[in-house]
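# turn this into a model:
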Amino acid sequence: MPDKVVAVILNWNCVDDTLRCLRAVTAGSLVPEVVVVDNGSTDDSPARLGHLDGRATLLRLDDNLGYAGGMNAGIREAQARGADWVWLLNADAVPRPGALAALLAHRERFTVATSVQTTSAHPDDPAAEPYVVAAMLPGGKVHPFRCAGCADGVHEVDVVTGAALLLRVPDVVRVGFFDERFFHYKEEFDLVRRIADAGGRIALVCASEVWHKRGGSLSGSSPRALYYYHRNEILYVRKHYRRPLRRLLLSEPIHYRRLATALLRLATADRSRRLGSRAVLAGYRDGLRGVHGATERF
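Next comes the predicted model:
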């Protein structure tokens with residue numbers, strides 16, 4: 001019996017993106033079962049997603065549980081359906097026709113896999129640029145990994161992230177799903193690393209491609225996104241390193257540059273940039289204090 005795959009598309013106030021992603025998934029060379037998780041949307045998403053015509057099942061959540069909580073709900077639904085694999089897709093992603101088949105071609109070797117991911121103004125843009133979704137972690141330091149072109153179509157790496165992750169369901173269950181304390185950002189990095197620490201093998205499948213608009217649900221440049229990003233960087237270090245403060249002070253000088261930039265903009269930038277700087281500084285402060293979960297600030 002072939003492995004069963006369930007795709008999970010997470011929607012939050014971005015129904016047009018979600019429907020575009022769904023069309024791409026169902027037009028692929030290999031079509032999985034699809035669950036669309038509506039993460040407590042406040043726009044017309046629930047009404048429009050209520051007419052999926054059998055292409056997918058809608059799972060409605062009453063509240064926005066963040067990426068981590070929304071995807072956990074989808075994974076549990078996939079588990080209840082007997083899925084061996086779950087394909088997690090951001091709503092603003094567009095998988096190319098052979099993306100899933102290329103990932104599954106390596107399922108005997110790997111526990112987690114992601115596609116090469118590109119971004120541009122439109123998914124049909126021939127000049128879409130690839131961006132980093134994989135890394136090696138020698139000594140715990142993140143070294144971004146890119147494929148410069150190869151015949152193999154796959155690379156074993158230490159960690160992957162991004163808008164399209166294929167995960168073996170029993171391994172996700174075994175390590176405890178996404179950590180919902182992150183709420184948004186860094187949760188997939190954390191989960192993949194826990195799977196790898198438990199013996200799983202991680203792959204970047206460069207024969208598989210997914211386009212990603214980025215920022216479809218929460219703009220990466222918004223103050224709230226900046227808050228989550230910087231807070232969760234600190235929470236991640238606190239969780240995964242024995243001496244987190246030592247690592248932050250001595251091993252990751254980028255934090256000094258970020259803090260210096262935020263402080264400078266507080267004094268010299270326009271109002272919108274000052275708000276972003278306050279969000280960055282609040283993120284660092286709350287990360288060091290261990291504050292987690294959702295925020296209504298910014």
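# when you work out contacts or count neighbours from here on, use the C-alpha atoms and nothing else.
Will do.
# helices of this protein, start to end?
Under the criterion DSSP state H, helices of the chain are mapped to 15-26, 45-49, 66-80, 99-104, 169-175, 187-197, 223-240, 244-246, 254-268, 271-289.
# mind checking pLDDT for the residue nearest to Glu33 when sequence neighbours are not counted?
Nearest residue to Glu33, sequence neighbours excluded (Cα to Cα, 6 or more residues apart in numbering): Val6, at 4.8 Å. On pLDDT, Val6 comes in at 98.
# residues contacting Thr161?
Thr114, Val133, Ala134, Glu188, Phe189, Val192 (Cα atoms under 8 Å, 6 or more residues apart in numbering).
# may I see the buried residues of stretch 94-109?
Buried positions in stretch 94-109, judged by neighbour count with 16 or more other Cα atoms under 10 Å: Val94, Pro95, Arg96, Pro97, Gly98, Ala99, Leu100, Ala102, Leu103, Leu104, His106, Arg107.
# what bridges to the nearest residue to Val154 once chain neighbours are set aside?
Nearest non-adjacent residue to Val154, counting by Cα to Cα, 6+ apart: Val205, 4.3 Å away. With DSSP bridges applied, Val205 shows beta-bridge pairing to Ser115.
# list the contacts of Val205.
Residues in contact with Val205 (Cα under 8 Å, 6+ apart) are Ala102, Leu103, Ala113, Thr114, Ser115, Val116, Gly153, Val154, His155.
# for Thr114, same thing?
Leu103, Val133, Val160, Thr161, Gly162, Ala164, Leu165, Leu166, Ala203, Leu204, Val205, Ser208.
# at 6 Å instead, please
Shown in contact with Thr114 (Cα atoms under 6 Å, 6 or more residues apart in numbering): Leu165, Leu204.
# my guess is His155 meets Cys206, correct?
No - with contact defined as Cα atoms under 6 Å, His155 and Cys206 do not form a contacting pair (7.7 Å).
# low-confidence ranges, this structure, go.
Counting by pLDDT under 70, the low-confidence segments of the chain come to 1, 214-220.
# buried ones in stretch 238-252?
Using 16+ other Cα under 10 Å as the burial criterion, the residues of stretch 238-252 that qualify are Arg238, Pro244, Arg247, Leu248.
# quick revisit: neighbour count: His155 and Cys206, which is higher?
Neighbours per residue (other Cα atoms under 10 Å) separate His155 from Cys206, with Cys206 holding more: 23 against 17.
# who touches the more buried one in this structure?
Cys206 is in contact with Val116, Gly153, Val154, counting by Cα under 6 Å, 6+ apart.
# out of those residues, which is nearest to Arg265?
Val116 (34.7 Å; Cα to Cα).
# on that earlier part again, report the buried members of the contacts of Cys206.
Val116, Val154.
# sweet, I'm off.
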